[in-house]
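Enquirer: need a structure here:
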Amino acid sequence: EYIVEETLRGPVDEIRKDVVMDERFQNGGYAEEFAERVFDLNILDPAMGSGHFLTSVVDYLARAIITEQNREAEEKDGDVIDDEHDINWARRKVAQRCIYGVDINPLATELAKVSLWLRTLAAEQPLAFLDHHLKTGNSLVGSDIEEIEELESEGGGNEQNTSLADFGVARKGTIEQLMRIYEDFIAIENKELADVKEMEAKYDKFERNKLRQRLESMANVHTAENFGLDNLPSDAYEQMAAALETDDWTQIEQMSWFKNAQKWSEDHNYFHWKLEFPEVFYTKGGKNADDPGFDAILGNPPYVRIQNLRKTDTAIADYLDNQYDTTHQNYDLAVPFTEAGYNLLRRDGLFGFIETKKWIQGEYGEYLRKYLAESKSIYELVDFGDQQVFEGASTYTVLLFLQKSERDTFRYGKVTNLDKSVEQLK
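Expert: Numbering: from 1, shown residues only. Sure thing, here's the model as predicted:
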C-alpha cells in the first residue's frame with residue numbers, strides 16, 4: 001500500500017494539477033481528460049510474481065479516476081457516478097492501458113493475469129485482454145536493438161557498414177508498423193466476446209510480424225555474444241542487416257551461430273524491452289520518443305544471492321557480473337534489478353522497491369551505493385531495522401524510492417513497530 005501510494009502519488013498529482021490549470025476544462029470535461037491522462041501512464045513491475053503490486057496499482061489509479069469524476073459531478077450538482085464509467089470500468093481500463101509486468105516464470109505470468117482478471121471482473125463483460133502487457137522473460141537479460149546500428153564492421157568495408165545504415169531505416173519502418181498495429185489494438189473497447197477475439201487477432205499480428213521476429217532474432221544474437229557465443233563472424237550483423245527484408249534471411253537461419261543464439265535465448269528467457277513494449281519507447285511514427293521509458297517502476301525483486309544462482313546457472317551469473325555496473329562480489333539480485341529499473345525510467349520517473357538492505361553497508365553494495373550517489377536519485381529510504389516483514393523468512397529489508405532526476409536531499413525513516421508501519425510512515 002505505501003509503496004504504491006508513494007510511487008504513484010507524484011505522477012497522479014502532476015496530472016491533476018495540469019488538468020486543473022488547463023482553461024479548456026474549466027466548464028466541463030475535466031474528469032474525462034484526467035482519466036485519459038492517467039490511462040497514458042506506464043507502470044511496470046519487472047518481477048511481478050502473482051501480480052500483487054499490479055492489482056494494488058489498478059485499485060489506486062481507478063480510485064483516483066473515480067474521485068475526480070465525483071468531484072466534477074458534485075461541482076455541477078450532477079450524478080455522482082456515470083453509469084458507464086464506474087469503478088469497474090476504471091479498473092479494466094487501467095489494467096489494459098497502464099499495467100506492465102514481466103516475470104521469468106511462465107506460471108507466475110498466468111497467475112498475475114488471474115489476479116488482475118479477478119480484480120477487473122465486470123458483469124456481462126468478458127475477461128480483460130492482458131497478454132500485450134504481462135509477459136514472460138528475464139528482465140535482466142536482453143539487448144537494445146538500436147545498439148546494432150552503432151556497430152561498425154571489423155573489416156571496415158563501406159558496403160558492410162552501409163548495410164547497418166540501411167538496417168536503421170528498416171528498424172524504424174518495422175517499429176512504425178508495430179505502432180500502427182498497437183494503436184488499432186488499444187482502440188478496441190473489450191466489452192464483448194467479439195472484441196476479445198479481435199484483440200487476440202491484432203496481438204497475434206503484432207507478435208507474428210515477420211520483421212519484428214527477425215529484429216528479435218538479431219537482438220538474440222547480440223545478447224548471446226555477451227554470453228560468449230562462439231564462431232560469430234566479424235560481419236555477422238552486416239549479414240543479418242543485408243538479409244533482413246529479403247529471402248536471403250533463410251540462409252542466415254541455417255548458420256550454426258544463429259541457431260545457437262536462438263537456442264540460448266530460449267534457455268535463458270532473453271527479454272528485449274523495446275521490441276516487447278515499443279509503445280513505451282517510440283512515437284507512433286516509429287521514431288525514438290523524446291522522453292522514453294516507464295513513468296513508474298515498483299515491486300519486490302527476488303531475494304537470490306549470486307553465489308546460489310551460480311550453482312544453477314553459471315552463464316547468467318557471469319552475464320550479470322559483466323553487463324551491470326553495480327554488481328560486485330556476492331551481491332543479491334536486488335542490485336542489478338535496481339540498476340535495470342532505474343535505467344528503464346523516463347526522465348523524472350519514479351521507482352519504489354522493497355528489497356534486501358545489506359547493500360547499504362555491506363561490501364557487495366559498494367558499486368550500487370556509488371551508482372545511486374552519483375545519480376543523486378534517492379528521494380526516500382525506509383529501514384525496517386531487524387523487523388521481519390515476510391513471515392517464515394529471515395530477511396532484512398528496506399524500501400528504496402528513486403527518481404530519475406538529480407536531488408540534493410532525501411528522506412530517511414526507520415520502522416520501529418511493524419504492526420503500525422504504514423501509519424508510522426504516513
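
Enquirer: Next, the buried residues of the helix or strand encompassing residue 34.
Expert: Secondary structure assignment for residue 34, by DSSP states H and E: helix 30-39. Neighbour-count burial for helix 30-39, counted by 16 or more other C-beta atoms under 10 Å, picks out 30, 31, 32, 33, 34, 35, 37, 38, 39. (Each C-beta comes from the backbone N, C-alpha and C, glycine too.)

Enquirer: Can you give me every residue that contacts the second one?
Expert: It refers to residue 31. The contact partners of residue 31, taken as C-beta atoms under 8 Å, 6 or more residues apart in numbering, are 65, 68, 69, 71, 72, 73.

Enquirer: try it again with 10 Å
Expert: By C-beta atoms under 10 Å, 6 or more residues apart in numbering, the contact set of residue 31 is 19, 25, 65-73, 75, 82, 85.

Enquirer: Among those residues, which one has the most neighbours?
Expert: Ranked by neighbour count under the definition other C-beta atoms under 10 Å, the contacts of residue 31 are headed by residue 65 with 25 neighbours.

Enquirer: Now for residue 315, how many residues are close by?
Expert: As a burial measure, the neighbour count of residue 315 was computed by other C-beta under 10 Å and equals 14.

Enquirer: Likewise for residue 165?
Expert: By other C-beta under 10 Å, 10 other residues sit near residue 165.

Enquirer: List phi and psi for the nearest residue to it once chain neighbours are set aside.
Expert: In space, not counting the residues next to it along the chain, residue 165 is nearest to residue 149; the distance is 7.6 Å by C-beta to C-beta, 6 or more residues apart in numbering. When read as degrees, to the nearest 10, the backbone of residue 149 gives phi -60, psi -30.

Enquirer: State the distance from residue 149 to residue 170.
Expert: Computed as C-beta to C-beta, to the nearest Å, the residue 149 to residue 170 distance reads 10 Å.

Enquirer: Need the overlap of contacts for these two.
Expert: Contact with both residue 149 and residue 170 is made by residues residue 241, according to C-beta under 10 Å, 6+ apart.

Enquirer: quick one: the strands in the stretch 201-350 of the chain?
Expert: 294-299, 345-356 (DSSP state E, counting those that start in this stretch).

Enquirer: Out of the ones you listed, which is the most enclosed?
Expert: Ranked by mean neighbour count, those are led by strand 294-299 with a mean of 25 (mean count of other C-beta atoms under 10 Å).

Enquirer: how far does that one sit from the chain's center?
Expert: On the basis of C-alpha atoms, centre = their mean, to the nearest Å, the separation between the geometric centre of strand 294-299 and that of its chain is 7 Å.

Enquirer: So what are the sheet partners of it and their directions?
Expert: The sheet places strand 294-299 alongside strand 43-45 (parallel), strand 345-356 (parallel), with pairing taken from DSSP bridges.

Enquirer: quick one: average confidence on the longest one?
Expert: Right, the one you point to is strand 345-356. Averaged across strand 345-356, the pLDDT comes to 95.
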